[in-house]
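1. okay, here's the prediction I keep looking at, along with the sequence it came from:
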There are 2 protein chains.
Amino acid sequence: MNAPTPAAHLEPDVQARPVPQAFIDALKARFGDKCSTALVIREQHGRDESAFAPVPPPSAVIFAECTQDVAEAVKLASQYQVPVIPFGVGSSLEGHLLAVQGGISIDLTRMNKVLAINAEDLTVTVQPGVTRKQLNEEIKSTGLFFPIDPGADATIGGMSATRASGTNAVRYGTMRENVLSLEVVTAAGEVIRTGTRAKKSSAGYDLTRLFVGSEGTLGVMTEVTVRLYPLPEAISAAICSFPSIEAAVQTVIQTIQLGVPIARVELIDHNTVRMVNAYAKLGLREEPLLLMEFHGSPAGVKEQAETVQEIASEHGGNAFEWATTPEERTRLWTARHNAYFAALQSKPGCRAISTDTCVPISRLADCLLDSVAETDASGIPYFLVGHVGDGNFHFGYLIDPEVPQEREIAEALNHKLVSRALSLGGTCTGEHGIGLHKMDFLVTEAGEGAVNMMRTLKHALDPHNIMNPGKIFR
Amino acid sequence: MNAPTPAAHLEPDVQARPVPQAFIDALKARFGDKCSTALVIREQHGRDESAFAPVPPPSAVIFAECTQDVAEAVKLASQYQVPVIPFGVGSSLEGHLLAVQGGISIDLTRMNKVLAINAEDLTVTVQPGVTRKQLNEEIKSTGLFFPIDPGADATIGGMSATRASGTNAVRYGTMRENVLSLEVVTAAGEVIRTGTRAKKSSAGYDLTRLFVGSEGTLGVMTEVTVRLYPLPEAISAAICSFPSIEAAVQTVIQTIQLGVPIARVELIDHNTVRMVNAYAKLGLREEPLLLMEFHGSPAGVKEQAETVQEIASEHGGNAFEWATTPEERTRLWTARHNAYFAALQSKPGCRAISTDTCVPISRLADCLLDSVAETDASGIPYFLVGHVGDGNFHFGYLIDPEVPQEREIAEALNHKLVSRALSLGGTCTGEHGIGLHKMDFLVTEAGEGAVNMMRTLKHALDPHNIMNPGKIFR
């Protein structure tokens, strides 16, 4: 007996288009072993970390090994008008990888070479399947690092596609600011470059930033050039507990307004601290806390830290715990990096519905505190973490996927939160992207006119609608 | 007797489209006094600071006072398929404002209100006709400032349209990084918003950055929200002379590679110092010099300055002259800000053909020194200034507009310089835009495929080709 689905928006709207056998045959002829139609492989490529119900997987997976592979796969797909979904490590939280209109997946993880380290220019050019940790490992000897850290060890291609950011963005910016140029396979299978390695340019339309954040809907990125930064001479990390979320958030607001170049400032609420303590035996005070990192010269780091400590103590912040060695820092950051999995483990069998609002910094307390009160009242367990220096935070509502009512409550909470964020001048997504989940929110946020302009751009660059169709807008 | 024009690319390719009298009548009926067809007004709006030969001016000038004025003017223009050229203060160096296909000018200087100062969020929303100096004047009491300084007191709208940058970009970024969102009148006369005031967002295509740098070819910006920064606690400026351009440039390269967060670092060559001395009686040593500025805490500024002084002295830099009061700083910066006019005055009746290449920082010396040698050998007088921390510099070839041969030589020098910059991974324009002058360079730099993609975007958003047609690409 199938009851009507109460939370329809977590059941993707599946409208699979035909995938002709002749197309699959052509792929097999061209790609041989690099083309798989095995069910287990296809299923791996038809899902992500979102809470969406499963949909039928793509009809085939191409393991691309070079730009030419991607270009030829897309050309064939264009000829047969079959959808194409680029795939990195599958860490999307918004259903980007679900084959809602059928088609094929292009797995880019074999394109994982660091192509050119230009340390003397603070740039590096990589294939899209390089992950951020791999990148930092491979450039270790240069004294430089790539700061963008969305939590998951995502690929640089995937991070570019969702305009990712994460913990270091408050100081170093997001993928928007850090991608210098791209090589892209267009929807027609042509290869173009969107820019040079110059730090700035006024040469025509900003194609780089049109593709960054386009969620695979305009083309496939096959090379990415990003900015690097000198490893700071000194790094210092600290945890500070607060009597309330409000006290923690006010500390952040004042830190940002004063212009302190803090490198990381993450909020972890008391629920999440409890979950992380249970998961990783960290023994942290079960109070809201800020996890901070300062980068600079030894004197500069000391100065920043003193300023923030003073602000924190005005708000009742206590128990500053410092870490200056890499090992101590890793221990502190364990709390943040384990939050997601610790939360999932706190309620066996649950899935997390993650919110991603981002508001102007002065509205952070307004946005956050009302939503905390609402969520506490709902009875749904949740974790709350945030890149609060950017005004960005995530509730993770922990729902039992078998209990439709929990989904309904979680979606209602998310809806209220997004409405609140938009009314405060914010956005429905700071870093996860629109995907399948936030299409209605995008219309509310940007307006019909702007979304229609996005549709016009999409139609112009992808007239057969083969590039990851059904995402961002309907 | 008309000789064939030797430097054809400084004679714009004029292909005026018909401007029906009924359209002008409709404008007059709608706009009354806000519509001018007086020749002197039209001529003021049909030229800029470029060295292009004059072309027939626009048929009318609309002095828009609100978004609705712009929307209605564009709607009428769309109906009659007449070109529209947005106009700020006319400081373009690339022919952006020339009515090469006829049409009308929309003057935005009456839209000069600061609409919302959100000091607590470090943002401000302005109408497009606000100039950068006006903006900084109006926000003075907030303790914040808007750093982008392209030299001219340009409008925020014009700076957004050309993706401007200038002296502070090495630390604070360009308009690309500092425009948060826009209100835009589309080519159909619709009003859209391209973003929110959130510091970051992954909500759909990056329409903001598609419009930033689009040179008026996609729509008219009617509101601009930009980021502000806390005024630094301490500011210190210095001039340092060097025995050679190479020594100065090597100092810059090492400073950037070390990650010193220098706020400004400008190169002025010995020719330019001589011109500025003659113009403003500054009594500077007539050697290549770097003009630097450091922002931060008192200790931070001291630390940065010491690091750079050490690097400079390794390269023979001497005579560091410091300025910490606003008055002293203004005196030092006079040299930089007067360079353009001092150069023009050094050769009465001349015009300057300005180059704008930008290369990865490690290639700066290669690019610059060979071009200096070439230019010295040519016998054409020139000035040379540069936002060298970004790898961006400008030769100004001082030509007599009546002597075609001088134009030819200058264009040949520019051509060699751009080819060199592109071969070193750079761009033909760091901050001035493509306009009329660099259309061929853009094709060389970006490739036919990328330029065709720009054309496709333009055609999709402006199907009648009415928005500043004939610019960026043919």
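-> Cool, got the structure. A quick note: this is a predicted structure, and the numbers were derived from the prediction, not measured.
2. can you list the residues of the stretch 301-450 of chain A near chain B?
-> Residues of the stretch 301-450 of chain A lying close to chain B (C-beta under 8 Å from any C-beta of the partner chain) are A:303, A:356, A:358-363, A:390-392, A:422, A:425-434, A:438, A:441-442, A:445-447, A:449-450. Just so you know, the C-beta spots here come from the backbone N, C-alpha and C atoms, and that holds for glycine as well.
3. check what pLDDT A:Pro12 gets.
-> Here the pLDDT value assigned to A:Pro12 is 88.
4. mind checking the SS state of it?
-> Here A:Pro12 is coil, with the state taken from DSSP: H, G, I helix; E, B strand; the rest coil.
5. longest helix in chain A, by residue count?
-> helix A:404-423 (DSSP state H).
6. can I get that one as PDB, trimmed to CA atoms?
-> Extracted in PDB, the C-alpha atoms of helix A:404-423 (Å, rounded to 0.1, in the frame of the first residue of the first chain):
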ATOM      1  CA  PRO A 404       7.600  10.800   6.700                       C
ATOM      2  CA  GLN A 405       6.500  13.100   9.400                       C
ATOM      3  CA  GLU A 406      10.100  13.800  10.500                       C
ATOM      4  CA  ARG A 407      10.900  14.800   6.900                       C
ATOM      5  CA  GLU A 408       7.900  17.100   6.900                       C
ATOM      6  CA  ILE A 409       8.900  18.800  10.100                       C
ATOM      7  CA  ALA A 410      12.500  19.100   8.900                       C
ATOM      8  CA  GLU A 411      11.500  20.600   5.600                       C
ATOM      9  CA  ALA A 412       9.100  23.000   7.400                       C
ATOM     10  CA  LEU A 413      12.000  24.100   9.700                       C
ATOM     11  CA  ASN A 414      14.300  24.600   6.700                       C
ATOM     12  CA  HIS A 415      11.600  26.600   4.900                       C
ATOM     13  CA  LYS A 416      11.200  28.900   7.800                       C
ATOM     14  CA  LEU A 417      14.900  29.300   8.200                       C
ATOM     15  CA  VAL A 418      15.400  30.200   4.500                       C
ATOM     16  CA  SER A 419      12.500  32.700   4.600                       C
ATOM     17  CA  ARG A 420      14.100  34.300   7.600                       C
ATOM     18  CA  ALA A 421      17.600  34.400   5.900                       C
ATOM     19  CA  LEU A 422      16.200  36.000   2.700                       C
ATOM     20  CA  SER A 423      14.200  38.600   4.700                       C
END
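7. the host helix or strand of A:Thr444 versus helix A:404-423: what angle between them?
-> Using DSSP states H and E, A:Thr444 sits within helix A:439-446. Here the directions of helix A:439-446 and helix A:404-423 differ by 10 degrees (axes from the mean of the first three to the mean of the last three C-alpha atoms, to 10 degrees).
8. tell me what angle the next helix or strand after helix A:439-446 forms with helix A:439-446.
-> Tracing the chain C-terminally past helix A:439-446 and defining elements by DSSP H and E, one meets helix A:448-461 next. Interaxial angle of helix A:448-461 relative to helix A:439-446 (the same axes, to 10 degrees): 120 degrees.
9. what about A:Gly157, is that helix, strand or coil?
-> Going by three-state DSSP: A:Gly157 is helix.
10. so it sits right up against A:Gly129, yeah?
-> Yes. Using C-beta atoms under 8 Å, A:Gly157 is in contact with A:Gly129, at 6.4 Å.
11. show me which of the residues of the stretch 301-450 of chain A next to chain B are buried.
-> Applying 16 or more other C-beta atoms under 10 Å in any protein chain shown to those, the neighbour count classes A:303, A:356, A:358-363, A:390-392, A:422, A:425-434, A:438, A:441-442, A:445-447, A:450 as buried.
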